[in-house]
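K.L.:
Need a 3D model of the following:
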Amino acid sequence: MLLPKCWLRFLVVCIFLILSACEQSSWNNPYPPTDANKNILYTAFSNRPKHLDPVRSYVSNEYELIAQIYEPPVQYHYLKRPYTLVPLSTTEVPQPVLIGKNGDTLPGDTSSDKVAFSIYEIRIKPGIYYQPHPAFARDSEGHFLYHNLTEAQLDKIDVPGDFEQTGTRELVAADYVNQIKRLAHPKLNSPIYGVMVNYIVGLKEFAETLKQANDKLAATKTDNAATYLDLTQFPLEGAEVVDRYTYRIKINGKYPQFIYWLAMPFFAPMPPEAEQFYAQQGLIDKNITLDWYPVGTGPYMLTVNDPNYQMVLERNPDFHGEAYPVEGDPGDQEKGLLNDADKPMPFIDKVVFNLEKESIPYWNKFLQGYYDTSSVSSDTFDQAIQITSQGDATLSEEMQDKGIKLITAVQTSTFYVGFNMLDPLIGGNKESTRKLRQAISIAVDYEEFISIFLNGRGIPGQGPVPPGIFGAETGERAINPYVYDVVNGKAQRKSIEEAKRLLAEAGYPNGRNASTGKPLLLHFDTGMGGPSSKALFDWLRKQFDKINIKLVIRSTDFNRFMDKLAKGTAQIFWLGWNADYPDPENFMFLLDGPNRRAGKNGENSANYDNPEFNALFEKMKTMDNTPERLKIIQDMTDIVRRDAPWLWGYHPKGFSLHHSWYYNAKPNLMANNTLKYKRLDPEIRAVKRKEWNQPVLKPLYIILAVLLLGLLPGIITYLRKEHNPITNQKKQSDDS
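P.N.:
Numbers count the residues shown, from 1 in each chain. You can find the predicted model right below:
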């Protein structure tokens, strides 16, 4: 009789669970139920960041984090177009004072050849404080609590949040000067040192001074000693403190683009206390470093750093406050973009970045309401977007039914395939290797790529400068004559026969070495991987196969790939570049020889070094936007088109989606610190999540009914026996 009782208990439990499920909003919620109505933005990342130190970071996925934490002097207005700089920590946007060769002050429109120096005097606002951090914690006598940690203290520490006490202090001008000095620190290898050494007065000599001091410090270092190099002890002519809230930057000559650099994290403040705190060897051994745990004055601070799972930003309780813009472009008011005018920011309390290596899981969670925004990948394009008869992109009915919004924008970005010009097979300025690169440029069909992988969301590149930036070509001049023919005023890619002819002239007839007869084998190095990349790799191989070149894919993780670029060991690679500021210099410097990556730590990943191009770049980069500057840019474009250090790739059209509860969404292609402007309505989100994720219980009901029908005869027999008088009498007799 025990078996039927067990089955009865089982059925009772099943019924209880099913009825309980009816009371739940969803079974697939990846977040704690207690967070359902909290003011938390959910997003994701696919590649783990490598550097979170603002003097070292120069990658978009890292800027997505550090730009919310660190505050440079100025920022871009969130709503206004064209892009306009406005104060962030400063009282006003600084304007340079031009100094002539005789020491006299010159008008602002003076030509660069007459200017000896430009001086920026920058005054910051008082009352700005750093986030709470153990680096600032002091005892009652003013001594730092954690700048000389003992072994016993270190045993209790795994992350900065493990420290019992934190502190803060006011931002001062010296912190900005300290950060500028860090550009030359021999151990930091800032990617813009190669650029800034040409401008900031005395930076090169300062770097040599620091190197000598660092070598001396290393020679006297013991195993557990701190390795802190106190930059405040070394003066730098090009960056000096005027008073508590004012500092001065002195640059060589005239460089109008320098003001844009002041909107980037490279020029955000860095408190010496943080450097000294993180220099302790015990913390370094635990990977608790400034490069991994930022210290800033911005609206958010990093509270969880687990790049294999999750990164979390939370509201900085010591944030000085900032108001949402009160004016924007025409039409912004009607779009609701000024509904929060003059309200205090940030609006969101917490931002959770989850690791999502594949696009489909991210997309499905977005549709379920578990991510607040999403891009549109090729895999999801047909589900999200429909193209009208006029060729315009609109949302599909499914997206409209969910209240999802679409934003599109032509991006000031370029994606390209680069050739390592240091490579003996594919690089160099010889006529043969130049023709080899030209042949490949014709064979790799970017029109086809944009159609297959981007659903038409892009423009084939014709040179380094993207549309919307001064110097971008128009008309027939916009067509690269080494890759395209002009047919009826439009670009038509040259034939594969032409590519094969160039390949033969390069010494590889039919894809084989004319001297040895061996097939030409090239290597494509990439940080991409996984199933989602297979189609792309197959397509690339097919492009090279057109001219009988065998392409081998060498895939690794992103950080190792970047190391290969830094060492100059990659052969062919794929990279992208987002404009740091709206000026052609920011794209042309990617091909400037002195800015090459290998050996110089610059951003010229192709290691292209053409003296003619370099000379024109030196002249162009400091000029105002005049017809003369335009002519120089055109000449530079002609040179690199001929030399073909890149396959010019494409300029993307951005499509982004967001849910109805996500507000103040406007593309800003220059600013990185845009999280503070965004606002959510968590209550609407909770309602929609419940509506879109109701558990489907019908199959469970069917299973339960089948079980009941199957067990019904046994249950009836059991009940009959239980109520049979003879059986009960026998049972009582047995008990007695």
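
K.L.:
And for residue 45, the neighbour number?
P.N.:
Residues near residue 45, counting by other Cβ atoms under 10 Å, number 18. Glycine gets a C-beta too; all of them are placed from N, C-alpha and C.

K.L.:
now swap in residue 62 and tell me
P.N.:
Residue 62: 22 surrounding residues under other Cβ under 10 Å.

K.L.:
can you give me how far stretch 267-281 is from the chain middle?
P.N.:
Taking Cα atoms, centre = their mean, to the nearest Å, one finds the center of stretch 267-281 at 24 Å from the center of the full chain.

K.L.:
quick one: contacts for residue 647?
P.N.:
Residue 647 is in contact with 416-418, 440-441, 444, 446, counting by Cβ atoms under 8 Å, 6 or more residues apart in numbering.

K.L.:
part of a strand, is it?
P.N.:
Yes - per DSSP: H, G, I helix; E, B strand; the rest coil, residue 647 lies within a strand segment.

K.L.:
Quick check, pLDDT for it.
P.N.:
Note on residue 647: pLDDT of 96.

K.L.:
Can you name the residues bridging to it?
P.N.:
Beta bridges link residue 647 to residue 417 when assigned by DSSP bridges.

K.L.:
So it versus residue 443, what's the distance?
P.N.:
Taking Cβ to Cβ, to the nearest Å as the measure, residue 647 falls 9 Å from residue 443.

K.L.:
Same check on residue 566?
P.N.:
29 Å.

K.L.:
what about the two, which has more around it?
P.N.:
Neighbours were counted for residue 566 and for residue 443 using other Cβ under 10 Å; residue 443 has more, 25 against 16.

K.L.:
Check the offset of the lengthiest helix in the chain from the chain's centre.
P.N.:
Taking DSSP state H as the criterion, the chain has its longest helix at helix 698-722. The chain centre lies 58 Å from the centre of helix 698-722; the measure is Cα atoms, centre = their mean.

K.L.:
Repeat that for stretch 688-704.
P.N.:
Taking Cα atoms, centre = their mean, one finds the center of stretch 688-704 at 38 Å from the center of the full chain.

K.L.:
list the buried ones in it?
P.N.:
Residues of stretch 688-704 classed as buried by neighbour count (16 or more other Cβ atoms under 10 Å): 688-689, 693.

K.L.:
show me what contacts residue 675?
P.N.:
Contact analysis of residue 675 by Cβ under 8 Å, 6+ apart lists 41, 68, 299-300, 313, 346, 348, 351.

K.L.:
out of these, which is most surrounded?
P.N.:
Neighbour counts for the contacts of residue 675, by other Cβ under 10 Å, peak at residue 300, which reaches 27 neighbours.

K.L.:
What's opposite that one in the beta bridge?
P.N.:
Counting by DSSP bridges, residue 300 forms beta bridges with residue 315.

K.L.:
State the distance from it to residue 49.
P.N.:
Going from residue 300 to residue 49 by Cβ to Cβ gives 15 Å.

K.L.:
Please report how far residue 295 lies from residue 122.
P.N.:
From residue 295 to residue 122 the distance is 21 Å (Cβ to Cβ).

K.L.:
next one: residue 135
P.N.:
Using Cβ to Cβ, residue 135 is found at 24 Å from residue 122.

K.L.:
what's the answer for residue 70, then?
P.N.:
To residue 122, residue 70 is 16 Å away according to Cβ to Cβ.

K.L.:
again with residue 624
P.N.:
From residue 624 over to residue 122 (counting by Cβ to Cβ), the distance is 22 Å.

K.L.:
For those two, indicate the residue with more neighbours.
P.N.:
Taking other Cβ under 10 Å, residue 624 and residue 122 do not tie; residue 122 has more neighbours (24 against 13).
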